[in-house]
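> predicted model and sequence below, questions to follow.
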Amino acid sequence: DPKPLHHELDMHNHALRQQIFKLFQDHDDTFRVRYGESLKRERERTNERWAVLHQAGLYKNTVTKRDLEAIMRYDTVVECLSMLDHSLEVKTGVHYGLFGSSIARLGTDAQANRYLPLVENLEMLGCFGLTELGHGSNVRGIETTATYDKARDVFVIHTPTETAQKYWIGGAAETVRWCA
């Protein structure tokens, strides 16, 4: 009987995992694995899948609560997604994990209170602006700088070379308006 081993390997949030897999089954037309679709259609399907997850409330309190239970809930959703659709896992991971977590961990309490509910509710779609053409995500090689201009109360972004151009993960340039 593989059930005890499965239970042991999953470690936590067993009921949530069952809920997620049931959601996949209940929305089989959306979550069924398909091959040979165009890139455009794959991206549309990823967004359709994300909408179902959002409507089911799977990411509720995963960014706004900022406690161990929220982290474990988020990890459970990501683990389940990784078994079905890596594109969806990456897209939601960039939005909640990189963008949302940057606000949660690096922002002020006022910024977190203002923006995280919007992030969690998909009213503020975001990405993570680290990747450069010539450096990938090698932080030590990044050329772009952001310098605060106190007189104008703005950050001045300087991209000194062609290799310092920013590139967005997972087609984010087509769907997001915010970057951390």
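Done, it's in. What you are looking at is a predicted structure, and each value in this text was computed from that prediction instead of being measured.
> per-residue pLDDT, the residue nearest to H54 when sequence neighbours are not counted?
Distances taken as Cβ to Cβ, 6 or more residues apart in numbering put L122 closest to H54, at 5.6 Å, once the chain neighbours are dropped. In this view, the C-beta of every residue, glycine as well, is placed from N, C-alpha and C. Note for L122: predicted pLDDT of 94.
> how close does L122 get to H6?
32 Å (Cβ to Cβ, to the nearest Å).
> how about the helices in the protein?
Ranges of helices within the chain are 3-10, 14-26, 28-31, 39-55, 68-82, 86-92, 101-106, 109-120, based on DSSP state H.
> average pLDDT across the first one?
Meaning helix 3-10. Helix 3-10 comes out at a mean pLDDT of 80.
> now what about it, what contacts it?
H14, R17, E79 (Cβ atoms under 8 Å, 6 or more residues apart in numbering).
> okay if I get these as JSON lines plus distance to T64?
JSON lines is the format used below for these (distance: Cβ to Cβ, whole Å):
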{"residue": "H14", "distance to T64": "24"}
{"residue": "R17", "distance to T64": "22"}
{"residue": "E79", "distance to T64": "21"}
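> buried only: go through those residues for me.
When neighbours are counted using 16 or more other Cβ atoms under 10 Å, the contacts of helix 3-10 contain these buried positions: R17, E79.
> any chance of the contacts of helix 3-10 in CSV, with distance to G126 and pLDDT too?
Shown next, in CSV, are the contacts of helix 3-10 (distance: Cβ to Cβ, whole Å; pLDDT from 0 to 100):
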residue, distance to G126, pLDDT
H14, 31, 90
R17, 27, 93
E79, 22, 93
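> beta partners of the residue lying closest to F99 once chain neighbours are set aside?
Setting aside the residues directly before and after it, F99 is nearest to G126 in space (Cβ to Cβ, 6+ apart), at 3.3 Å. Beta-bridge pairing of G126 under DSSP bridges involves W178.
> count of neighbours near G126?
22 (other Cβ atoms under 10 Å).
> that one and Y96: what is the separation?
Taken as Cβ to Cβ, the span from G126 to Y96 is 9 Å.
> overlap in contacts, the two.
V119.
> so, low pLDDT: which residues of this protein?
In the predicted model, the chain carries pLDDT under 70 at residues 169-170.
> go with 90
Residue ranges of the chain with pLDDT under 90: 1-13, 62-63, 65-67, 70, 87, 127-142, 165-180.
> on that earlier part again, tell me which of the helices of the chain sits most buried.
Per residue and on average, the most neighbours among the helices of the chain fall to helix 86-92, with a mean of 20 (mean count of other Cβ atoms under 10 Å).
> right, I'll call it a day here.
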